[in-house]
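Colleague: Here is a sequence together with a model predicted from it:
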Amino acid sequence: MNMKYLKKLSIYFVIILAIVLVCGFTVLVIKEVDKGTFYDLATSEALAFCLQLGMAAFTALIPYSLSIATFLSFWAMNDEKWTGFLRNWVIGLVLVLPLSAMTYYYDWFIRPQTMAASVDKIIEIKQTYPQSLADKFSIDPEEVLHNIPMVMPKTKLIAQTDSLETSFLADIDTCGLLLSMLPDTLASKAYDSYQLETMGVAYQYAAHPAASEDSLMFIAHTELYRHAITAWETSTELQRHQKEYFGRTLNTICIYVAYILFAFLGYLLRYKPIKNILMVFAVLIAAAWICHEIGSIVQEHAKKLNGVSRQVVDDTYKEIEGIREKERNADNDSLNCFHDNLVYRDNGECPTRENCHQ
């Protein structure tokens with residue numbers, strides 16, 4: 001009986017994952033067609049490129065597929081007891097544990113290589129890389145590419161993260177030391193200007209500074225500024241590496257969260273009181289989604305209205321310019337008429353409307 005449950009869970013997962021992969025690949029193809037990739041490459045090469053792009057996101061689709069398969073499997077259980085639920089849940093780990101191990105390995109060791117190959121292909125298609133300048137200054141594009149966190153090997157990413165964290169902490173300590181040499185006025189101004197509080201530097205100052213005024217100004221405006229800027233740059237780079245590290249473990253964590261959450265959800269949905277509560281949540285979620293869609297529609301129409309209003313303003317300016325042009329032409333005609341009148345009077349003739357070319 002329990003092996004039947006495992007077989008059912010596996011079948012559901014394979015079918016749903018296949019559907020999700022096909023849908024994802026179709027979306028990629030449509031987007032690449034819109035971008036003109038199929039015009040730049042042969043059809044087979046463009047399809048291979050889309051497949052390459054899709055492989056970079058392959059493991060991100062596994063938690064979604066597993067969540068649906070888990071929900072359907074536990075929702076269809078015949079056992080009413082919690083012991084049966086726990087027994088089936090443990091048996092389901094026979095699928096989940098290898099799946100999470102495969103996801104972890106793929107995200108850490110295969111996905112960086114896939115992403116690097118995709119980036120190379122994109123650069124080749126767009127032809128935006130300054131190859132002549134790179135050759136002139138002996139810059140290796142592969143070396144530049146592999147210094148980006150998303151395509152770094154695991155050992156290099158961890159080493160770079162540790163090194164950046166050490167450098168950041170050293171800069172923070174130096175900023176705190178330099179801040180403690182300044183009087184309250186200079187220290188407070190530098191603390192706010194360089195946003196040292198955001199970086200975690202504790203505010204401190206010297207009640208009786210030992211250095212001269214020129215030295216204090218040099219510390220505040222040069223040394224402290226330099227270390228603060230370095231700390232900010234290191235912090236930004238450190239966050240990029242930490243985000244990539246977290247991203248490579250996220251899918252593995254999501255597999256366990258999805259399995260636990262949707263197993264309980266599918267099992268509890270079989271009870272009528274729980275079903276009614278979940279129905280309320282479903283209605284609220286649907287209402288929130290509808291509100292979001294309505295908001296999007298309203299915003300789209302608001303953009304159109306803003307476009308129309310801008311067009312009205314532009315057309316108004318055009319009308320004003322047209323009127324001014326007519327007025328300038330009328331003024332020129334009046335000046336010409338006045339000039340003709342003077343000429344006729346000097347010749348002893350009587351000016352008429354015909355003489356004025358009205």
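Modeller: Cool, got the structure. Numbers count the residues shown, from 1 in each chain.

Colleague: any low-confidence regions in the protein?
Modeller: 1-2, 80, 271-324, 331-358 (pLDDT under 70).

Colleague: Quick one: the helices in it, in order.
Modeller: Taking DSSP state H to define them, one finds helices in the chain at 2-35, 37-40, 43-56, 62-75, 82-105, 111-126, 131-136, 141-145, 154-179, 184-193, 196-199, 213-218, 224-268, 272-346.

Colleague: for the second one, packing partners?
Modeller: The elements that helix 37-40 packs onto, with contact taken as 3 or more CB pairs under 8 Å, 6 or more residues apart in numbering; DSSP states H and E, are helix 43-56. All C-beta atoms are positioned from the backbone trio N, CA, C, and that covers glycine.

Colleague: okay, the angle between the helix it packs on and helix 2-35?
Modeller: Using axes from the mean of the first three to the mean of the last three CA atoms, to 10 degrees, the inter-axis angle of helix 43-56 relative to helix 2-35 is 130 degrees.

Colleague: residues touching the closest residue to residue 248 other than its chain neighbours, list them.
Modeller: Leaving aside its sequence neighbours, residue 248 sits nearest to residue 107 (CB to CB, 6 or more residues apart in numbering; 4.5 Å). If you count contacts by CB atoms under 8 Å, 6 or more residues apart in numbering, residue 107 has them with 59, 247, 248, 249, 251, 252.

Colleague: just so I know, which of the helices of the chain lies nearest residue 205?
Modeller: Relative to residue 205, the nearest member of those by CB to CB is helix 184-193, separated by 3.7 Å.

Colleague: Packing partners of the closest one?
Modeller: So helix 184-193, by 3+ CB pairs under 8 Å, 6+ apart, packs with helix 154-179.

Colleague: can you pull the buried residues of the helix it packs on?
Modeller: Residues 157, 160-161, 164, 167-168, 171-172, 174-176, 178-179 are the ones in helix 154-179 that count as buried (16 or more other CB atoms under 10 Å).

Colleague: Do I have it right that residue 194 meets residue 223?
Modeller: No. Between residue 194 and residue 223 there is no contact under CB atoms under 8 Å: 11.5 Å.

Colleague: ok, these two, which is more surrounded?
Modeller: Under the neighbour definition other CB atoms under 10 Å, residue 194 and residue 223 were set side by side, and residue 194 has more, 21 against 16.

Colleague: Nearest residue to the more buried one in space, please, no chain neighbours.
Modeller: residue 228 (3.9 Å).

Colleague: can you count the residues close to that neighbour?
Modeller: For residue 228, the count of nearby residues is 24 (other CB under 10 Å).

Colleague: which residues touch it?
Modeller: So residue 228 contacts 171, 175, 194, 195, 196, 199 (CB under 8 Å, 6+ apart).

Colleague: closest to residue 68 among those?
Modeller: Closest approach to residue 68 among the contacts of residue 228 (CB to CB): residue 199, at 43.4 Å.

Colleague: Just confirm the closest one contacts residue 172, I think it does.
Modeller: Yes. Counting by CB under 8 Å, residue 199 touches residue 172, with 6.1 Å between them.

Colleague: intersection of neighbour lists for the two?
Modeller: Residues within reach of residue 199 and of residue 172 at once, by CB under 8 Å, 6+ apart, are residue 231.

Colleague: For residue 200, grab phi and psi.
Modeller: The phi/psi pair for residue 200 (degrees, to the nearest 10) reads phi 100, psi 20.

Colleague: Report the contact partners of it.
Modeller: Residue 200 neighbours (CB under 8 Å, 6+ apart): residue 172.

Colleague: Tell me how many other residues surround residue 134.
Modeller: Residues lying near residue 134 (other CB under 10 Å) number 13.

Colleague: Now it. Nearest residue, chain neighbours left out?
Modeller: residue 141 (6.0 Å).

Colleague: so how far is residue 63 from the one you found?
Modeller: Residue 141 sits 34 Å away from residue 63, going by CB to CB, to the nearest Å.

Colleague: The two: which is more packed in?
Modeller: Each of residue 141 and residue 63 has its neighbours counted (other CB under 10 Å); residue 63 has more, 22 against 15.

Colleague: so the more buried one sits right up against residue 254, yeah?
Modeller: Yes. The criterion here is CB under 8 Å, and residue 63 meets it with residue 254 at 3.9 Å.

Colleague: who's in contact with residue 55?
Modeller: Contacts for residue 55 (CB under 8 Å, 6+ apart) come out as 111, 114.

Colleague: Also the one 3 residues further on?
Modeller: Contacts were defined as CB under 8 Å, 6+ apart; by that measure residue 58 touches 21, 106.

Colleague: let's see it at 10 Å
Modeller: Taking CB atoms under 10 Å, 6 or more residues apart in numbering as the criterion, residue 58 is in contact with 17, 21, 24, 103, 106, 107, 110, 111, 114, 251.

Colleague: Same question for residue 12.
Modeller: Contact analysis of residue 12 by CB under 10 Å, 6+ apart lists 65, 66, 68, 69, 70, 71, 72, 73, 76.

Colleague: The closest residue to it other than its chain neighbours: how many residues sit nearby?
Modeller: Leaving aside its chain neighbours, residue 12 sits nearest to residue 69 (3.7 Å; criterion: CB to CB, 6+ apart). Using other CB under 10 Å, residue 69 has 26 other residues around it.

Colleague: now the contacts of residue 107: which count as buried?
Modeller: Among the contacts of residue 107, the ones that count as buried by 16+ other CB under 10 Å are 59, 248, 251, 252.
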